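Chemist: model the following, please.
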Amino acid sequence: MTITIAVSGAAAAAVDRVVPTLVDDLVASGITAQVPTLWGPEAEPGAARRLGWTETVATSAGLLDEIEGLRDELRERGLDHVVLVGTGGAVSLAEAMTRTSGVDLTVLDTSSSGSLRHALADRLERTVLVVSSPSGLALATSRVVAAYEAAFRAAGLDPADRVVLVTDPGSPLEREARSSGWVVFLADETVGGPFSGLTAHGLVPAGLAGADVRELLAEADAVSLELAQDGPANPGLVLGAVLAGTQPLRDTIAVVPDGTHVLGLGEWIQQLVAAAVGSDGKGLLPLVVGPSAAEVVRPPSDVQVVRLVADAEETREVVDGEVEISASFGGHVVLWQYAVTVAARLLGVDPFTEPALGAPETAVRPLLALPRPVAPGRLLAEGIVGSASGSELGSSVGQALEALLATLPEHGHVAVHSYGDRTATPRLHELRDAIAERTGRPVTLLQGLPGLRGASPEVGDGADRGVSLQVVDASAPDLEVPGESFTFGELTSAQAAADAELLARRGRAVLTLVLDDPSAFTLVLDALR
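Modeler: Sure thing, here's the model as predicted:
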């Protein structure tokens, strides 16, 4: 399957204006040849080390037999349930691979006690834990792994028989894992985190879970030549021009899965765009929304809608100003990797900057040492405690939300940061949609601890014209952290508090709502409506 892109309106004008220059500058072939000077002198050191993703189809092919062999061995031992704990975009891509393939993968991207309780209670005796980290484990990640090791031992199971590590060669984790008897896969250290989905970091967990990673690599290989050629029809150049070439710049990219067969890819695209071209105060703001979202039905002038569809016909009339893309799963992955690096060149940003992974442990640790890691705030309603920075809190949920949204700049956006159980995802999307309807402005939804998702809370905020709403789910019974004096609930709360402090230091208004009752979410939605 080839890649088809249909463009219209301002997006088509950007393609007509920008792509000929990209072709003349040999940008596509330069990316493929790993020319590090394409993004300017400041980005050159990172580009010289991090362009290995252009060869991942070839370099990762050697992993396939090993992945499939280990999967068969594990299944013979009755280990057919894969749990993934990791950092970076590879986590999202592994999840999208398994969703598209129709196989089961449990992803732990939060240290919330609710998520961890659910995961630990789910087929523990059949579980293999995959830990994906290029170098070392962040505080939250390491404690989730420790909880699994403790649970294995308590059930009379040897962790060494059921833990798999994916890391970069020579990392401290490699030595520690080998001494513990874990199976170790070494990833390609020339590939940066946002681009590592088709390396061992993404392929190992997806392949062990049963996804056909061999087919996914074949799909990526099938479009590689098309994306490497310097021609006006190159879809990577076309999409790069759409992302960063409109005048005036539509710097909010609304990715809309709309009938596509690839599932969950929007969340990976959001992370890739955020990490590669979502910072420096002049980047892009990516969000994933449904076809009926306010940003799609009534798009503001700074929103570029990109639909992922089953069949994009270049000859069919698309909604004015929108873009439609159809491709295989592997084709989408390589397409978006080329496109974001092209967009970075157009925007003058460094796509290979390694962002800080959430609030630094130096900020979280002192909070954990306090008697109460997070200031109790004010009781706004039954089951809801709130605190605010940069806006008035008021005495009710409605007043707190009204005050936060009143600080929203004219061309700003709202970022909803969720710290809690994944079972709350449908309600979080309701919340996101309600805020978008209320404000008429773009709303991003970021789930999971930033440290586990591989993005700092301020990464992906484009020109940083946003306000932030933190939703901390504290409704589940708490869970002790093995070997520590704090609980997983306290760890999650401390991470949220450290992130809020980081955002507040940047001058952003932040409202934190701690929900200690499952019904409290309804009160928040009612207050918005």
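
Chemist: can you tell me how far E42 is from P351?
Modeler: E42 is 12 Å from P351, where distance means CB to CB, to the nearest Å. Bear in mind the C-beta positions are built from the backbone N, C-alpha and C, glycine included.

Chemist: neighbour count: the two, which is higher?
Modeler: P351 (29 against 12; other CB atoms under 10 Å).

Chemist: show me what contacts the more buried one?
Modeler: 39, 43, 194, 276-277, 340-341, 344 (CB atoms under 8 Å, 6 or more residues apart in numbering).

Chemist: do the same with P286
Modeler: 252-253, 255, 269-270, 273-274, 278, 444, 460.

Chemist: okay if I get those residues as a markdown table plus secondary structure, distance to L105 and pLDDT?
Modeler: Formatted as a markdown table, the contacts of P286 follow (DSSP: H, G, I helix; E, B strand; the rest coil; distance: CB to CB, whole Å; pLDDT from 0 to 100):
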| residue | secondary structure | distance to L105 | pLDDT |
| --- | --- | --- | --- |
| T252 | strand | 30 | 95 |
| I253 | strand | 26 | 96 |
| V255 | strand | 21 | 98 |
| I269 | helix | 19 | 96 |
| Q270 | helix | 19 | 93 |
| V273 | helix | 23 | 93 |
| A274 | helix | 22 | 90 |
| G278 | coil | 26 | 82 |
| T444 | strand | 24 | 93 |
| G460 | coil | 24 | 47 |
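
Chemist: stretch 483-498: how far from the chain's middle?
Modeler: When distances are taken as CA atoms, centre = their mean, to the nearest Å, stretch 483-498 is centred 22 Å away from the chain's centroid.

Chemist: next, the buried residues of it.
Modeler: For stretch 483-498, the buried set under the neighbour-count rule, 16 or more other CB atoms under 10 Å, comprises 486-498.

Chemist: ok so, going back, who touches both of E42 and P351?
Modeler: Listed contacts common to E42 and P351 are nil; contacts here mean CB under 8 Å, 6+ apart.

Chemist: quick one on the thing from earlier: so which of the buried residues of stretch 483-498 sit within strands?
Modeler: In strands, defined here by DSSP state E, there are no members of the buried residues of stretch 483-498.

Chemist: what about S292, neighbour count?
Modeler: By the measure other CB under 10 Å, the count of residues near S292 is 9.

Chemist: same thing with V213?
Modeler: As a burial measure, V213 scores 28 neighbours (other CB under 10 Å).

Chemist: could you find the closest non-adjacent residue to it?
Modeler: Closest residue to V213 apart from its sequence neighbours, by CB to CB, 6 or more residues apart in numbering: G207 at 4.3 Å.

Chemist: which sections of this structure are below the confidence cut-off?
Modeler: 1, 87, 279-281, 312-316, 354-363, 365-366, 369-376, 448-464 (pLDDT under 70).

Chemist: domain ranges for it, per the record?
Modeler: As given by automatic domain parsing, the domain ranges for the chain are 4-55+230-347, 62-216, 361-528.

Chemist: switch these over to JSON lines; also include distance to V223.
Modeler: As requested, the domains of the chain are exported to JSON lines (distance: least, CB to CB, whole Å):
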{"stretch": "domain 4-55+230-347", "distance to V223": "4"}
{"stretch": "domain 62-216", "distance to V223": "12"}
{"stretch": "domain 361-528", "distance to V223": "25"}
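
Chemist: does A233 sit in a helix or strand, and which one?
Modeler: Per DSSP states H and E, A233 falls between elements, in no helix or strand.

Chemist: L208 now?
Modeler: Assigned by DSSP H and E, L208 belongs to helix 200-209.
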